[in-house]
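1. Here is my input; please provide its structure:
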Amino acid sequence: MAEDDVERVIDDLNQRAEEEESELPEQADVPLNVSEDEAIQAVQKQFKDAGTECTEEEARTLVHAAREKAERKKAEKKSGSDSDEKSDDESDKDSDS
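-> Reported below is the predicted structural model:
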């Protein structure tokens, strides 16, 4: 998912909100521990509650982007903890000498 897609969706939502003289949510919380359909519905509800309609396709783009970001963070955290373990192993070897 390209950041350009997310920016395009956000631009479209901003334009629609402006035309309808409505609001966008301050922040959209994308649930990660539910099905894609449930996450899409949750995102759409947040926009509707704020006063702006969000299409299913727009919500899907936001959900995919949020999930990809969460996966990247998870992978970065895992690779960071792997390197910490390697550093600990190396320091153990040094202290054995």
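2. CA only for contacts and neighbour counts going forward, please
-> Noted.
3. how close does the residue most central in space within the chain get to Glu18?
-> The residue lying closest to the centre of the chain (C-alpha atoms, centre = their mean) is Ala66, at 1.7 Å. According to C-alpha to C-alpha, to the nearest Å, Ala66 and Glu18 sit 24 Å apart.
4. picking up where we left off before, which SS class is the residue nearest to the centre of the chain?
-> helix (DSSP: H, G, I helix; E, B strand; the rest coil).
5. ok, now which ones touch the closest residue to it other than its chain neighbours?
-> Nearest non-adjacent residue to Ala66, counting by C-alpha to C-alpha, 6 or more residues apart in numbering: Val30, 6.7 Å away. Val30 makes contact with 39, 42-43, 62-63, 66 under the criterion C-alpha atoms under 8 Å, 6 or more residues apart in numbering.
6. ok, Ser22 - how many residues close by?
-> Residues lying near Ser22 (other C-alpha atoms under 10 Å) number 14.
7. roughly how far apart are the residue nearest to it when sequence neighbours are not counted and Val34?
-> Closest residue to Ser22 apart from its sequence neighbours, by C-alpha to C-alpha, 6+ apart: Gly51 at 5.3 Å. For Gly51, the distance to Val34 equals 24 Å [C-alpha to C-alpha].
8. same check, this time on Ala28
-> From Ala28 to Val34 the distance is 15 Å (C-alpha to C-alpha).
9. Between the two, point out the one with more neighbours.
-> Counted by other C-alpha under 10 Å, Ala28 and Val34 do not tie: Ala28 has more neighbours, with 17 against 11.
10. hmm, back to that, among the contacts of Val30, give me the pair with the biggest separation.
-> Ala42 and Ala66 (13.1 Å; C-alpha to C-alpha).
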